[in-house]
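Colleague: sequence plus predicted model, see below.
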Amino acid sequence: MWSSGERPNSSHTPPSVCRWPPGLTPGSMFSRAPLLLALIVLGPHVYRCGFVDIGKNTSFFRMCVEFAKFQFNQAQPDEYAYKLLWVGRSQREHLTWIYLMDLQMGRTICKKHDEDIDNCPLQEGPGEKQVGCTFIVDARPWFSQFTLLNSTCV
């Protein structure tokens, strides 16, 4: 506002014409619209967060599978060890070292602490049992550090 006795300059008149900022015209805005639209539509697909599929034979993934299998066997009250039958889903969280895996495991005739469980035969008959699990493992293989973040088995 004005201080006492001060009046607006009567010779000052507002501009009668609106002007576009330098370099920006209606034509230039519409010429950039397809680029903006492409970024809106394709952006989430180009930069996707979450888990992405990876090869089942990558070395870090295989280490995580061994770790998850070991943790599963340790947590089981069963005296018999389970071995890996097959790997379903193999994924890694984008921009991290967190792995997600679906593993099918079968109960063997070997005890948990026996050597070479992978070569133990599966139990047959009344002791036969298979379990499907989803594991999420945070891996820091260069420190030999693995953390089981989540496991769900049915």
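Modeller: Received the coordinates, thanks.
Colleague: for Leu148, see how far away Gly50 is.
Modeller: Gly50 sits at a distance of 20 Å from Leu148 (criterion: CB to CB, to the nearest Å). From N, CA and C alone the C-beta is placed, and that goes for glycine too.
Colleague: likewise Ser59?
Modeller: Distance from Ser59 to Leu148, by CB to CB: 19 Å.
Colleague: in terms of neighbours, single out the busier of the two.
Modeller: Leu148 (16 against 8; other CB atoms under 10 Å).
Colleague: and the helix or strand hosting that one, C-alpha only, in CSV?
Modeller: According to DSSP states H and E, Leu148 maps onto strand 145-153. Listed next in CSV are the C-alpha coordinates belonging to strand 145-153 (Å, rounded to 0.1, in the frame of the first residue of the first chain):
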residue,chain,number,x,y,z
GLN,A,145,26.2,-61.5,4.7
PHE,A,146,22.7,-62.7,4.0
THR,A,147,19.5,-61.8,5.8
LEU,A,148,16.2,-63.6,5.5
LEU,A,149,13.6,-60.8,5.3
ASN,A,150,10.5,-63.0,4.8
SER,A,151,9.5,-66.6,4.2
THR,A,152,6.1,-68.1,3.6
CYS,A,153,5.7,-71.8,3.1
